[in-house]
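1. missing the sequence, but the structure's below:
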């Protein structure tokens, strides 16, 4: 276990003696980013609180930097570990700079007076998360997103080896979500900072994490790399999803498909059909799609939303068997929408042109211009 | 820029303390010229009657108002920090009333048996009462999340204690009860030099300890979880804060009875003056501010309808209550933004 900067041994957490999650085994090296995912109320926050010593574990051990965490003094711990919590802070009459500067607490003297060095680190931390312009702003008069970034700067300026964050990106817009996570990623690379956090944004968790912990029921259901965790079907299982679907490969969620016999057939490909699939889902119209190659961009949304998808193996020419199946489906549909450019000179377009021609003969074809692609 | 504001604020508060101290010595039913006052204080020749009035009555009383006012404001500041509630204070949370009740019990018991009770016993009794009330308030704060409910329960505890005190005072049969009655309404009158010495020792000692806690207090302002992460031992910190704020308000109650609103109004005024909530500035600031506030209020209590004296709480409420209302309205506005 020497190589791990942070690890737990048979950690059991819970409230008032009632165990919530048992036998947690998490291991993390220096400079790694670990993310907790799992349904609401699964106990992600409880785990985080227990490993930052805000909550007494009901059993097991937490090791940090080769030492058992309970053996560290408050001051020692504060120099190794800092936090960004969901708890709302409403400090009175404090500028954002003042709030960030509270991170210097473990380093200042008896009366907490900041030295020049402290001020420099405060300024640096604010620069790192791009909030220099908030320096003199009253903290209570900033937006939720700004507050969150101030709290990150505060955690950074505590100069920890590890930062623990509870749902840090929940109130941020997409720009700041990415900016926020980029700062963490940058710090993990440049300063070898370890990060433990909980995230609700699965697609971001998959992209940023070195390790992912899946919390479900009373245990850690899975612990591993994103590749090990984001296998097809697992997310729906982890969250016990009852409506819609999540595509582990692309990180795209789709709503519940319209059920029933397909009324529309969509000739799609190369991502041109996705918008149409989603429009039909909104209208509540059941549809079929094809013929799609398995490696086509349109394939995951089609699988999630269509009643039936005619699929061809990747890198293979469309077989007559599939063409036949497409024609059968067209027979049962009122309309056919074609989103691919049939003029495309590609050699393997021949079969799609044949299917489209079949639809024209039946008077069902409706060409969807490239507007849906753009 | 900021530092200049802080220095200036302390300067203003210092001047005000001296000014009101002087005014308290000069003004009253018998006017004493400032020259005479200086003369007396410097030990020069002066009119015998003037000397008596200044040295036996007005000077100890003014000092008591200053010291106790400071302690009370500080106690309020600590409670506001502790409960993260801008209108918490020893009076409104029923802590003063709890202290009053136990002191009244002890006094009636002692008077009935003609036992002389020392100031130290009075402080101890007040402290016991304050801690009992504080215990109730803490219990309530565990059970109720809402800040406003905490205040309501504090006010209720205050009423219960006051009612029991009135009951005791009404049925205690003793000529000295008049004194007790005055005291239970709150007043700085009848303070001896011995009292002043003792209250100064207790108040200054407690205040000094509070000052040494300014760093953890600043961490606590960020909320408990963050304070913990900064390395503050929350259990110890909370206990010390509770004990110190109780000692301060108990000391006041033992000598001057319950004094309302100082604990809420002064920290708020001082915050506005300094435009910061940094404990290292607020702690001395609140002490000085409380001294000024109580000196002013006691002066008004004495001279406004002289020779009839108002109870000190009557005057502090006139100034303090509007400030509380202002704070509440202001906070509501901030939330809405």
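-> Arrived safely. The structure presented is a predicted model; accordingly, all values stated were derived computationally and were not measured.

2. and residue 151, how many neighbours?
-> I went with chain A, as the question did not name one. 26 (other CB atoms under 10 Å in any protein chain shown). In this view, the C-beta of every residue, glycine as well, is placed from N, C-alpha and C.

3. That was the other one, I meant chain B.
-> Around residue B:151 there are 22 residues (other CB under 10 Å).

4. Was I right to think it contacts residue B:94?
-> No. Assessed by CB atoms under 8 Å, residue B:151 is found out of contact with residue B:94, at 9.9 Å.

5. what is in contact with these two at once?
-> Common neighbours of residue B:151 and residue B:94 are not found (criterion: CB atoms under 8 Å, 6 or more residues apart in numbering or on different chains).

6. which residues sit in contact with residue B:91?
-> Residue B:91 makes contact with B:97, B:158, B:258, B:259, B:260, B:261, B:262, B:263, B:264, B:313, according to CB under 8 Å, 6+ apart.

7. Surely the third one is in contact with residue B:101?
-> This means residue B:258. No. Taking contacts as CB under 8 Å, residue B:258 lies outside contact range of residue B:101: 9.9 Å.

8. Quick check: residue B:200 vs residue B:208, distance?
-> Going from residue B:200 to residue B:208 by CB to CB, to the nearest Å gives 12 Å.

9. Those two: who's more crowded?
-> Remark: of residue B:200 and residue B:208, residue B:200 carries more neighbours, 17 against 11, as counted by other CB under 10 Å.

10. if I pick that one, what's in contact with it?
-> For residue B:200, the contacting residues are B:63, B:67, by CB under 8 Å, 6+ apart.

11. if we go to 10 Å?
-> Neighbouring residues of residue B:200 by CB atoms under 10 Å, 6 or more residues apart in numbering or on different chains: B:63, B:64, B:66, B:67, B:68, B:71, B:251.

12. From these, pick the one nearest residue A:52.
-> For those, the minimum distance to residue A:52 (CB to CB) is 37.3 Å, reached by residue B:71.

13. Out of the contacts of residue B:91, list just those in helices.
-> In helices, defined here by DSSP state H, the members of the contacts of residue B:91 are B:97, B:158, B:262, B:263, B:264, B:313.

14. My guess is the fifth one contacts residue B:83. True?
-> So that's residue B:264. No. Look at residue B:264 against residue B:83 with CB atoms under 10 Å: they stay out of range, at 11.8 Å.

15. Those two: which has the busier surroundings?
-> A direct count of neighbours by other CB under 10 Å for residue B:264 and residue B:83 places residue B:264 higher, at 28 against 18.

16. hang on, residue A:201 packs against residue A:209?
-> No. Residue A:201 is not in contact with residue A:209 according to CB under 10 Å; the separation is 11.2 Å.

17. Need the overlap of contacts for these two.
-> With CB under 10 Å, 6+ apart, residue A:201 and residue A:209 have common neighbours A:35, A:37, A:181.

18. who's in contact with residue A:212?
-> Shown in contact with residue A:212 (CB under 10 Å, 6+ apart): A:33-38, A:199, A:202, A:205-206, A:222-230.

19. Among these, which ones are in strands?
-> Among these, the ones falling in strands (DSSP state E) are A:33, A:34, A:35, A:36, A:37, A:222, A:223, A:224.

20. Give me the neighbour count for the residue lying closest to the second one once chain neighbours are set aside.
-> Pointing back at residue A:34 there. Excluding the flanking residues, the one nearest residue A:34 by CB to CB, 6 or more residues apart in numbering or on different chains is residue A:211, at 4.4 Å. When neighbours are counted by other CB under 10 Å, residue A:211 registers 20.

21. what does residue A:236 give?
-> Neighbours around residue A:236, by other CB under 10 Å: 14.

22. Would you mind listing which of the contacts of residue A:212 are buried?
-> Buried by 16 or more other CB atoms under 10 Å in any protein chain shown: A:33-38, A:199, A:202, A:205-206, A:222-223, A:226, A:229-230, out of the contacts of residue A:212.

23. before we move on, the earlier item: which residues are in contact with both of residue B:258 and residue B:101?
-> Contact criterion CB under 10 Å, 6+ apart; residues bridging residue B:258 and residue B:101 by contacting each: B:94, B:158, B:161, B:162, B:165, B:184.

24. quick one: which of these is most hemmed in?
-> Using other CB under 10 Å as the neighbour criterion, residue B:94 leads these with 30 neighbours.

25. tell me which helix or strand of chain B sits lowest on mean pLDDT?
-> In chain B, no helix or strand scores lower on mean pLDDT, DSSP states H and E than helix B:177-185, which sits at a mean of 70.

26. okay, the contacts of residue B:91 in a markdown table with pLDDT and distance to chain A next?
-> Shown next, in a markdown table, are the contacts of residue B:91 (pLDDT from 0 to 100; distance: CB to the nearest CB, whole Å):
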| residue | pLDDT | distance to chain A |
| --- | --- | --- |
| B:97 | 89 | 27 |
| B:158 | 89 | 25 |
| B:258 | 85 | 27 |
| B:259 | 88 | 24 |
| B:260 | 84 | 23 |
| B:261 | 87 | 19 |
| B:262 | 89 | 19 |
| B:263 | 90 | 16 |
| B:264 | 89 | 14 |
| B:313 | 87 | 27 |
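
27. Tell me the buried residues in the helix of greatest length in chain A?
-> Of all the elements of type helix in chain A, the one with the most residues (DSSP H) is helix A:174-190. The neighbour-count check on helix A:174-190 (16+ other CB under 10 Å) flags A:176, A:177, A:179, A:180, A:181, A:183, A:184, A:187, A:188 as buried.

28. Contact partners for the residue of chain A most remote from its centre?
-> No residue in chain A sits farther from the centre than residue A:361, which is 46.6 Å out by CA atoms, centre = their mean. Applying CB under 10 Å, 6+ apart to residue A:361 gives the contacts residue A:330.

29. what does residue A:304 give?
-> For residue A:304, the contacting residues are A:244-247, A:252-257, A:277-278, A:281, by CB under 10 Å, 6+ apart.

30. which element follows the strand or helix carrying it toward the C-terminus?
-> Secondary structure assignment for residue A:304, by DSSP states H and E: helix A:299-305. Next helix or strand after helix A:299-305 toward the C-terminus (DSSP H and E): strand A:308-312.

31. What strands line up against that following strand, and which way round?
-> strand A:287-293 (parallel) (DSSP bridges).

32. nearest residue to residue A:118 other than its sequence neighbours?
-> Spatial nearest neighbour of residue A:118, chain neighbours left out: residue A:104 (4.5 Å); criterion: CB to CB, 6+ apart.

33. Give the burial count for the one you found, as a bare number.
-> Using other CB under 10 Å, residue A:104 is surrounded by 22 other residues.
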